[in-house]
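sequence isn't available, so here's the structure alone:
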């Protein structure tokens, strides 16, 4: 009987761990392939800018780009994130999981405040010149 109880406890712990590690359930129009790695200040080799989503924050939290310069958010956390603007241009990405990305190309100058609506306090700023 103790062996069965131990086996059941292990199975329950494994199931709880697997359920907590999800993160890929949301649908999105984003790419599942991350862009090229960053090289300082969030810039990518292709002239765009990359913002990483890691440790439940945007990194960097503030980015300056030019009109027409693509910005790509890459989820490096094990939980879903999204990108939703609260001021400036309209940005609304569906939830996307680990390894997925979302891109936006600003068409006019201004400041765009955005957040992940799943995680309060996960905020960022996009300054467009």
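Alright, I've got the coordinates. Remember, it's a predicted structure, so these values are computed and weren't measured experimentally.

okay, now residue 90: neighbour count?
Here the neighbour count serves as a burial measure; for residue 90 (other C-beta atoms under 10 Å) it reads 9. C-beta coordinates here come from the backbone N, C-alpha and C atoms, glycine included.

how about the helices of this structure, start to end?
Taking DSSP state H as the criterion, the chain carries its helices at 2-20.

where does this structure dip in pLDDT?
Along the chain, segments meeting pLDDT under 70 span 1-46.

any chance you could map the strands in it?
In order along the chain, the chain carries the following strands (DSSP state E): 49-53, 58-59, 62-65, 71-75, 84-87, 101-104, 110-115, 123-128.

can you check which of those gets nearest to residue 93?
Residue 93 lies closest, by C-beta to C-beta, to one member of those: strand 101-104, at 4.1 Å.

what are the pairing partners of the closest one, and which direction each?
Note on strand 101-104: by DSSP bridges, its sheet partners are strand 71-75 (antiparallel).

between the partner strand and strand 123-128, how many degrees?
Orientation of strand 71-75 against strand 123-128 (axes from the mean of the first three to the mean of the last three C-alpha atoms, to 10 degrees) gives an angle of 160 degrees.

hmm, who's touching strand 71-75?
For strand 71-75, the surrounding residues in contact (C-beta atoms under 8 Å, 6 or more residues apart in numbering) are 34-35, 44, 48-53, 58, 63, 65, 81, 83, 93, 96-106, 126.

among the strands of the chain, which is the most enclosed?
Ranked by average neighbour count under the criterion mean count of other C-beta atoms under 10 Å, these are headed by strand 71-75 at a mean of 25.

quick check: angle from that strand to strand 49-53?
Going by the same axes, to 10 degrees, strand 71-75 is angled at 20 degrees with respect to strand 49-53.
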